[in-house]
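[1] one predicted model, sequence on top.
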Amino acid sequence: MTAAASARFAAAVLRERSRAYLTTRQDAVLRLSHDLHADPELAYEEHRAARRVASLAEAAGFATELGAYGLPTAVGATAGSGDLVIALCAEYDALPGIGHACGHNVNGAASMAAALALAPLADELGITVKLLGTPAEESGGGKVDMIRAGAFDDVAAAMMVHAAPADAVGMTSLAISSLKVHYTGVPAHAAAMPHRGVNAADAMMIAQVAISAHRQQMLPDAVVSGIVTSAGDAANVIPAHASADYDCRARTAKELAELQSRVRACFEAGALATGAELSLRTVGNDYADLRQDLAIGSAYRDAAMALGRTVPPTDPNLRGGSTDMGNVSHLVPTIHPAIGYDCGDTIMHHPGFTRYGTTAAADRAVLEGGLAMAWTAITLATDPVHRTELLARLATRPTGVR
């Protein structure tokens, strides 16, 4: 047997051992998915979810910290002590009113499955398995907070899978920022003394017209969307207050910064035209565009297909929504493949999608997504080319870049 054939055989044995380890824990993993689904919590409020993740990791022998990296609902758990640190990001926040309509119970449980499959092999593989419970993906950007706190400083590769109607690898996402807008004017009787008022609703209208006029000059794929949340209480009173929530999205972080500047100018125009005072506040962290590592993605696709899944070839032009995993991908070689399961004719962020989150197909996605990530990690650890490349990139990463 050649050295290459021997290495492939050894990797195949390790894969089967990881499958066996996961089998002994699969009931606990699926219970985690179902418990998260039945008990949805919003961004930065996922206290019960974080405890569930931390408890399962600790029971499996991980060195575990609940409230890690300065975030009460973040989890840090490690197994092994190898120089190749592989992070598995477990999401678990839900959406207001519609629960896990983005499938984060599947996402989080799949990362747990990967961690449990890898932990008994960590020292043999020369890796550190780093399970990170990452709060607030839907709003706020917990991964960005964790980057700043150093959670990814020693990480050579990061991965997670995301629930979806179908499997996919290599897709990208839009960079995004969220704004809270508020105008303060002066109230007055709308008929008797309108000249004494400063109309905050007019300021908002002018800003919206300016944004609409700018759409023709926006770069391709740029999106500005928003809602007015308040604009007065009575038709016969000049509105003294008007508020709105707005999102800006663009293909890259650089293009997002350019779009933000123009949109801010549109809101400033409303204040200038009417005399209202403007308060413009960024909500949470800006999300960067997602840059998936094609080499790691190829290893994941091979693993998923070996498990019998149908995974189309890598399509870097396929675009999802927005994710704070994008920020991780600017720092660390990252994959964020979609793990699919039947969800009828519904789409994500729709209440109908929530209903499919604990079906047999979703449970299969949890286990196979987790195992595919574990097998990918085994490939990265045992293939000298992958391992050397990842460690070299880690060693040359500029310090203090977060």
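    Yes, it's here. Numbers count the residues shown, from 1 in each chain.
[2] Three-state assignment for the most centrally placed residue in the chain, please.
    The residue lying closest to the centre of the chain (C-alpha atoms, centre = their mean) is residue 323, at 3.8 Å. Look at residue 323: counting by DSSP: H, G, I helix; E, B strand; the rest coil, its state is coil.
[3] hmm, it is touching residue 336, no?
    Yes. Using C-beta atoms under 8 Å, residue 323 is in contact with residue 336, at 6.8 Å. Every C-beta, even on glycine, is put in place using the N, C-alpha and C of the backbone.
[4] mind listing the shared neighbours of the two?
    By C-beta atoms under 8 Å, 6 or more residues apart in numbering, residue 323 and residue 336 have these common neighbours: 162, 290.
[5] please list all residues in contact with the residue nearest to the centre of the chain.
    Per C-beta under 8 Å, 6+ apart, neighbours of residue 323: 137, 162, 173, 287, 290, 336.
[6] turn these into JSON lines, columns for secondary structure and neighbour count.
    Converted to JSON lines, the contacts of residue 323 look like this (DSSP: H, G, I helix; E, B strand; the rest coil; neighbours: other C-beta atoms under 10 Å):
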{"residue": "137", "secondary structure": "coil", "neighbour count": "24"}
{"residue": "162", "secondary structure": "strand", "neighbour count": "25"}
{"residue": "173", "secondary structure": "coil", "neighbour count": "24"}
{"residue": "287", "secondary structure": "strand", "neighbour count": "27"}
{"residue": "290", "secondary structure": "coil", "neighbour count": "26"}
{"residue": "336", "secondary structure": "coil", "neighbour count": "29"}
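[7] out of the residues you listed, which comes closest to residue 14?
    The nearest member of these to residue 14, counting by C-beta to C-beta, is residue 336 at 24.1 Å.
[8] can you read off the backbone torsions of that closest one?
    For residue 336, the backbone dihedrals are phi -150, psi 60 (criterion: degrees, to the nearest 10).
[9] quick check: closest non-adjacent residue to it.
    residue 325 (4.9 Å; C-beta to C-beta, 6 or more residues apart in numbering).
[10] next, count neighbours for that neighbour.
    Neighbourhood size, residue 325 [other C-beta atoms under 10 Å]: 28.
[11] low-confidence regions, the protein specifically.
    Counting by pLDDT under 70, the chain shows low-confidence ranges at 1-6, 316, 399-402.
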